[in-house]
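> coordinates only, sequence not included:
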Ligand SMILES: C[S@@+](CC[C@H](N)C(=O)[O-])C[C@H]1O[C@@H](n2cnc3c(N)ncnc32)[C@H](O)[C@@H]1O
């Protein structure tokens, strides 16, 4: 397919997303099934274009003064891909399979309109109803914070210290252009191109033998801040597919007891293979069976309970721009209830002097500081350990990290703009 034909395909996919109200992944899949001639390079390129249109959905419509799929694509090419109107016109020439030529109005909009007067939800590309929440989180910085949350994310890896050292893996994955991440002492980063092509990390020997895992640097740091130590009894209460569990296991160096569970057994399914590939031998996966509590034998004995809480996922918008536009106000209320429930559950598991680490991949204050304030209101025997006491796990970068993140009385918040990671909130509580 020519670059121009890929633009036409992008318009078709965006039309399908709009008219059928289906997720982008489904629309792309359906387009691929109906156009079997398209090769993998075409599909990756079209996928990259579609996701970039979603990233810049509101701002692209604003600069074009029109929100049709075509206008949003044209606006995105300017805002996200840095193309000027001549470059865009050379692709949209009305030729076979190419989009129709630019109208005078489109040319003028591309040449003259900007985001200078745009309100924050347009400049930051987020649903207007979330403005009040993002204002509470970031105040006048909300457009800039949200714009960073709309950018493409890199692919981050965590080196599994049970099997390898970062310097060595850095050398063996040089052909993928890996660099060390700035904050996590375990992190490696691969910058991804606009065409959404996956570098195929799962087929690399280092991945197959368990030396690396895919994990955003923010997620690595959140787990590291828990301070899990060899010999401790650690419970990962919302283990899901095990991203944090694997980091905890590496921190524990094979010593102590690590229990991973989740309310939803389907979420836990991938964890078994991941633990085995990572060479973890001290973890027990407790899969829920019916209504029985899989942790009923544990009473106030854990040194550490980690809660990677169910949340709105606003901190991961850069990986999933589609989800941002599909989010509904009711979703926040459901998550707030789940979070309070799981925090209360942790109380009975942790021993006096032990830690509860509460993590969300959300930037909304209600899910973060607000949730912790309410928790301490219900459980006055818990108090927050200040981030300055726990961030030393980042070694030489500790002071810079604390200067970069948002620190509150309840914990710390990483954001794409401040730390180049996904948005993660971390609060570390101790039981007196
Ligand atoms: C953010 S995800 C976990 C991601 C995972 N820890 C990782 O790093 O890959 C949140 C998880 O919490 C689980 N969950 C929701 N409510 C829960 C509850 N009340 N108790 C335990 N797990 C719960 C969900 O099933 C989901 O798997």
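Nice, I can see it. The structure presented is a predicted model; accordingly, all values stated were derived computationally and were not measured.
> mind checking how far the residue nearest the centre of the chain is from residue 421?
Among the residues of the chain, residue 316 comes closest to the average C-alpha position under Cα atoms, centre = their mean, at 2.8 Å. Going from residue 316 to residue 421 by Cβ to Cβ, to the nearest Å gives 10 Å. From N, CA and C alone the C-beta is placed, and that goes for glycine too.
> Who are the contact partners of the closest residue to the ligand within the chain?
Using Cβ to the nearest ligand atom, the closest approach of the chain to the ligand is made by residue 243 at 2.8 Å. Taking Cβ atoms under 8 Å, 6 or more residues apart in numbering, we find residue 243 in contact with 213, 215, 219, 223, 308.
> Would you check which pair of these lies furthest apart?
Distance extremes for the contacts of residue 243: the farthest pair is 213 and 308 at 14.9 Å, using Cβ to Cβ.
> Pick out whichever of those two has more residues nearby.
Using other Cβ atoms under 10 Å, the more surrounded residue of residue 213 and residue 308 is residue 308, with 25 against 22.
> So what does that one have for phi and psi?
phi -90, psi 80 (degrees, to the nearest 10).
> Near the closest residue in space to residue 15 that isn't next to it in sequence, how many other residues are there?
When the adjacent residues along the chain are set aside, residue 15 lies closest to residue 69, with 4.9 Å between them (Cβ to Cβ, 6 or more residues apart in numbering). Residue 69 has 19 neighbouring residues, counting by other Cβ under 10 Å.
> OK, contacts around residue 69?
Remark: with contacts taken as Cβ under 8 Å, 6+ apart, residue 69 is in contact with 11, 14, 15, 18, 53.
> any idea how far residue 16 is from it?
9 Å.
> do residue 157 as well
34 Å.
> Look at the two and report which has more neighbours.
Comparing residue 157 with residue 16 by other Cβ under 10 Å, the one with more neighbours is residue 157, at 29 against 20.
> is it true that that one lies in a strand?
Yes - with the criterion set as DSSP: H, G, I helix; E, B strand; the rest coil, the secondary structure at residue 157 is a strand.
> For it, give me its contacts.
With contacts taken as Cβ under 8 Å, 6+ apart, residue 157 has the following neighbours: 169, 173, 178, 187, 188, 189, 190, 201, 212, 213, 214, 215.
> Kindly recompute the last result at 6 Å.
With contact set as Cβ atoms under 6 Å, 6 or more residues apart in numbering, residue 157 has these partners: 188, 212, 214.
> nearest to residue 359, of the residues you listed?
The shortest separation between residue 359 and any of those is 17.6 Å, and it belongs to residue 214 (by Cβ to Cβ).
> just checking, what packs against the helix of greatest length in the chain?
Once the chain is assigned using DSSP state H, the helix that runs over the most residues is helix 329-349. For helix 329-349, the helices and strands in contact under the criterion 3 or more Cβ pairs under 6 Å, 6 or more residues apart in numbering; DSSP states H and E are strand 302-308.
> go again using 7 Å as the cut-off
Other helices and strands packing on helix 329-349, by 3 or more Cβ pairs under 7 Å, 6 or more residues apart in numbering; DSSP states H and E, are strand 302-308, helix 369-378.
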